[in-house]
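> sequence first, then the predicted structure:
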Amino acid sequence: MRLLLVQVTTGADPVANRVTIRDAVSAGLASSGPVDLVVLPEAAQVDFGDGESVLDTAESLDGPFVGLLGELAAASGATVVGGMFETVEGGRPFNTLVAVEPGGGLVATYRKAHLYDAFGYRESDLLSAGEPTATTLAVPSREGPTLTVGLMTCYDLRFPEQARALVDAAADALLVPAAWLRGPGKQLHWATLLAARAIENTVYVAGVAKSGQRYCGLTRLVDPMGLLVAELGEQDGTVAGDVDVGRVAEVRTVNPSLANRRWDVLPHPS
């Protein structure tokens, strides 16, 4: 299965952002050829900014952002995943990932469970947290078997129990759209945690990050042994990479750590 990872800078204007996304995906497909899955960053619909853009421009799941993803999916024949701020009547928006099938219909949503209240930032002042759920979807392939992917968002990457829950729900790959803020050690954390989640769960991990002045970029696809399959630097761009379900099975034969587990549920501190 072939993935197209799309690293873009988006701002406070959702109309301009849709143009940016359409152009980036079109350019990526022109260089990569046919793909089965297109992944956009967290907050692709509109940037966090100072918070006002989030509150003023959050959209419903039948709004123009999901509509754009549906158009891109139908035109490319690929499943498309990307991040938006979802309107909540009478409350703060959700930070939501949406997945649209090749036919253009919405097939999955995941509302970010772990809001980024760390490193001096408080995402919970802007947004509502979703319930912890293991959200997976089956992605059809043109030439190979269907791939089951699990959805996580940015700060969720720091919580290994969420990745493990997705793998226990049969995910062969984890998609981690992100707006990973720059800062001392942050780029190292991003690269290290992507590799760790891949190695400990023997799955592929695709971390697709926003670019721009505030964010680190460094989109990458990591295989079940933690090896780098594809990567981008700090600038806007796209990169394609292949995911092989057979590789997952092969690595799990060599490294059967999931089968060797003795903890089914970690004890909760009293």
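Now that the structure is in, tell me what you want to look at. Numbering: from 1, shown residues only.
> so how far is Leu127 from Arg92?
Distance, Arg92 to Leu127, using CB to CB, to the nearest Å: 5 Å. The C-beta positions use only the backbone N, C-alpha and C, and glycine is treated the same way.
> who has more neighbours out of those two?
Higher neighbour count among Arg92 and Leu127: Leu127, with 26 against 17, using other CB atoms under 10 Å.
> residues in contact with that one?
Leu127 makes contacts with 54, 85, 92-95, 112, 115, as judged by CB atoms under 8 Å, 6 or more residues apart in numbering.
> just put the residues you listed in CSV and tack on distance to Thr148 and secondary structure.
Below are those laid out as CSV (distance: CB to CB, whole Å; DSSP: H, G, I helix; E, B strand; the rest coil):
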residue, distance to Thr148, secondary structure
Val54, 31, helix
Phe85, 27, strand
Arg92, 31, coil
Pro93, 28, coil
Phe94, 23, strand
Asn95, 23, strand
Lys112, 20, coil
Leu115, 26, coil
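> so which of the residues you listed is the most crowded?
Within the contacts of Leu127, most neighbours by other CB under 10 Å means Asn95, with 32 neighbours.
> ok so, going back, pick the one among the contacts of Leu127 closest to Glu123.
The shortest approach to Glu123 among the contacts of Leu127 belongs to Leu115, at 4.0 Å (CB to CB).
> quick one, phi/psi of that closest one?
Dihedral pair for Leu115: phi -80, psi 150, per degrees, to the nearest 10.
> does it touch Glu123 like I think?
Yes - the pair formed by Leu115 and Glu123 meets the contact definition of CB atoms under 8 Å, at 4.0 Å.
> can you list residues touching both of these two?
95, 155.
> Three-state assignment for Glu89, please.
Three-state assignment for Glu89 (DSSP: H, G, I helix; E, B strand; the rest coil): coil.
> which ones are touching Ala195?
Counting by CB under 8 Å, 6+ apart, Ala195 makes contact with 205, 222, 226.
> which residue ranges form the strands in the stretch 101-250 of the chain?
In the stretch 101-250 of the chain, the strands defined using DSSP state E, counting those that start in this stretch lie at 106-111, 117-118, 121-122, 136-139, 147-151, 173-178, 204-209, 220-222, 228-231, 237-242.
> so which of the ones you listed is nearest Gly28?
Comparing these under CB to CB, the one sitting nearest is strand 237-242, at 3.2 Å.
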